[in-house]
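In: Fold the following and give me the result.
(one chain, ligands or ions: 1)
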Amino acid sequence: MILTITTTHKNASDLGYLLHKHPDKLQSVDLSIGKAHIFYPESSPERTTVALLLDIDPIDMVRGSKHLSGKGFSLAQYVNDRPYASSSFLSVALSKAFSTAMNGTCAKKPELVDVEMPFEVKISVVSAPRGGEFLIRKLFEPLGYELDIERHILDTKFQEWGESKYFTVELKNSIKLKELLSHLYVLIPALANDKHYFVSQDEINKLLAKGKGWLENHPEKEQITSRYLVNLKSLSRIALDRLNEENDIQPTELSSVHKEKRKTLHDVRLNMVLTKLKESGAKTVVDLGCGEGKLIRKLLKEKQFERITGMDISYSELTKCKKRLHWDEMAPRQKERIELFQGALTYRDKRLEGYDAAAIVEVIEHLDENRLQSFERVVFECASPKLVIVTTPNGEYNIKYEQLMDGGMRHTDHRFEWTRNEFENWSNQVGEKHNYQVQFFPIGEVDENVGAPSQMAIFTYGN
Ligand code: SAH
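Out: Numbering: from 1, shown residues only. Down below sits the predicted model:
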């Protein structure tokens, strides 16, 4: 994998100063997945080119398997395009090899940092699955790049195999070097959409730091963010929220339909649960798997609910919940209405008895399927409130999410994502066994083929 950056700036050899890399030397940096070599194929006052050659060792990567996502068949760990195609590894190499330039520092000639220079970049091979040339253009053109894109066929000997997802891309722009590097840092992995190592919270910080000053105004910022933070919807959601905060845009001003859907699905869900609870006349509610307490905060605003209890297995979620409720400053009369405790939905618990209603919002899919029977008994047999509301994702809808087309799930901790049929069968069977009537409701916009993104069952005790 090789990337070259050329400038014809009037004193082109300034590129060496800006990059902190001497044009006469070959330099190498160690990466956890191999090595990156930096050298200058040409260097003159009129035209200077720096090359970044990535030498990735796929075998070594498998040995240090923390870099792998762990998915896929085992041979794929050895036979893959990692050594040849640009991906998140190129970003890692860029940030290691050119960190000072990317941060906008140049000790010897600081005045160069903010000079716009004509640059030509050539990325020897970039993979752009699901989007191809169209996507490459959508990501780079809004930032002022002129593009020359060549698509490669799968195999020159077998023309009939057709085209591949690989492209050679040439980019031209007059721009500051630090901007160019941060664009490449973010957009190349966004194109590849194939992060090879675990994406952590820290990735959000990196994305926001490198995207500062341009990503918040990019028309494709949602796509860039979610492709960069592949599959982890919740992470890209946090990143987008922070981007928008930084840009001071109110959610209502965002034009994109996708953003609207993204923002409101959980709100739609919680509002539906709230409405159903209100309609039922329940006065006491237990929120099982309450998480950070979004539903509890809504319930608290309604006088109808005299006693509100939240239970979760996670201590840190409960701590967050208390914090979000401003527990310490809460008026004593409000505090009296709430109780929070740690507990597991798969063990009998006397504390769950005696409520009018239970809400179990986006929780069952976190339970191992072989624990569902215990869950059923805990909720429907032991706690047995008059009303039980259960919501869960509708797995059929996943094909509408670009990152999930290949059969992934919406959250790394989900054990299953049921189809409407599976959810209905399970609920009906539970209802019959424990003497509850069941009704079903779609949550979110209904697609005629795959239904709504999320689904709800309402169990009412007795006939
Ligand atoms: N109901 C909340 C949170 C949903 S996330 C909301 O809609 O915003 C799922 C929650 O279920 C997490 O907070 C997780 O800690 C909790 N959970 C997972 N397994 C559990 C179990 N066995 N018992 C209780 N809570 C559980």
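In: all strands of the stretch 351-463 of the chain, in order?
Out: 357-361, 387-393, 436-443, 454-461 (DSSP state E, counting those that start in this stretch).
In: Ok, which of these comes nearest the ligand?
Out: Closest approach to the ligand among those is made by strand 357-361 (3.8 Å; C-beta to the nearest ligand atom). (Each C-beta comes from the backbone N, C-alpha and C, glycine too.)
In: hmm, back to that, which one of the strands of the stretch 351-463 of the chain lies nearest to Pro45?
Out: Comparing the strands of the stretch 351-463 of the chain by their distance to Pro45 (C-beta to C-beta), the top pick is strand 387-393, with 60.1 Å.
In: Output the strands of the stretch 351-463 of the chain as CSV; include the columns mean neighbour count, mean pLDDT and distance to Lys122.
Out: Converted to CSV, the strands of the stretch 351-463 of the chain look like this (neighbours: other C-beta atoms under 10 Å; pLDDT from 0 to 100; distance: least, C-beta to C-beta, whole Å):
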stretch, mean neighbour count, mean pLDDT, distance to Lys122
strand 357-361, 25, 98, 50
strand 387-393, 24, 97, 43
strand 436-443, 16, 97, 48
strand 454-461, 21, 97, 45
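In: Make TSV from the ones you listed and add distance to Ala107 to it.
Out: TSV is the format used below for the strands of the stretch 351-463 of the chain (distance: least, C-beta to C-beta, whole Å):
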stretch	distance to Ala107
strand 357-361	55
strand 387-393	52
strand 436-443	56
strand 454-461	54
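In: Looking at those, spot the one closest to Cys290.
Out: strand 357-361 (8.3 Å).
In: wait, doesn't Lys283 sit right on Gln304?
Out: Yes - Lys283 lies in contact with Gln304 (C-beta atoms under 8 Å); the separation is 6.6 Å.
In: Tally up the residues packed near the closest residue to the ligand within the chain, please.
Out: Evaluated by C-beta to the nearest ligand atom, the chain has Gly291 as its residue closest to the ligand, separated by 2.7 Å. Gly291 is flanked by 19 other residues according to other C-beta atoms under 10 Å.
In: quick one, domains of this structure?
Out: Following the assignment in automatic domain parsing, the chain carries domains at 2-198, 256-461.
In: Leu367 is in contact with Thr346, correct?
Out: Yes - here Thr346 reaches Leu367: they are 6.7 Å apart, a contact under C-beta under 8 Å.
In: Quick check: neighbours shared by the two?
Out: Here Thr346 and Leu367 have Phe375 as joint contacts, going by C-beta atoms under 8 Å, 6 or more residues apart in numbering.
In: after the lowest-mean-pLDDT helix or strand in the chain, next one along is what?
Out: One helix or strand of the chain scores below all others by mean pLDDT, DSSP states H and E: helix 58-63, with a mean of 54. Remark: after helix 58-63, the chain's next helix or strand is helix 88-97, criterion DSSP states H and E.
In: name the helices or strands packed onto that following helix?
Out: The contact analysis (3 or more C-beta pairs under 8 Å, 6 or more residues apart in numbering; DSSP states H and E) places helix 88-97 against strand 27-31, strand 34-43, strand 48-56, helix 177-192.
In: Let me have the ones you listed in JSON lines, extended by mean neighbour count, distance to the ligand and mean pLDDT.
Out: Listed next are the helices and strands packed on helix 88-97 as JSON lines, based on neighbours: other C-beta atoms under 10 Å; distance: least, C-beta to the nearest ligand atom, whole Å; pLDDT from 0 to 100:
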{"stretch": "strand 27-31", "mean neighbour count": "13", "distance to the ligand": "36", "mean pLDDT": "87"}
{"stretch": "strand 34-43", "mean neighbour count": "18", "distance to the ligand": "38", "mean pLDDT": "92"}
{"stretch": "strand 48-56", "mean neighbour count": "21", "distance to the ligand": "37", "mean pLDDT": "91"}
{"stretch": "helix 177-192", "mean neighbour count": "24", "distance to the ligand": "27", "mean pLDDT": "89"}
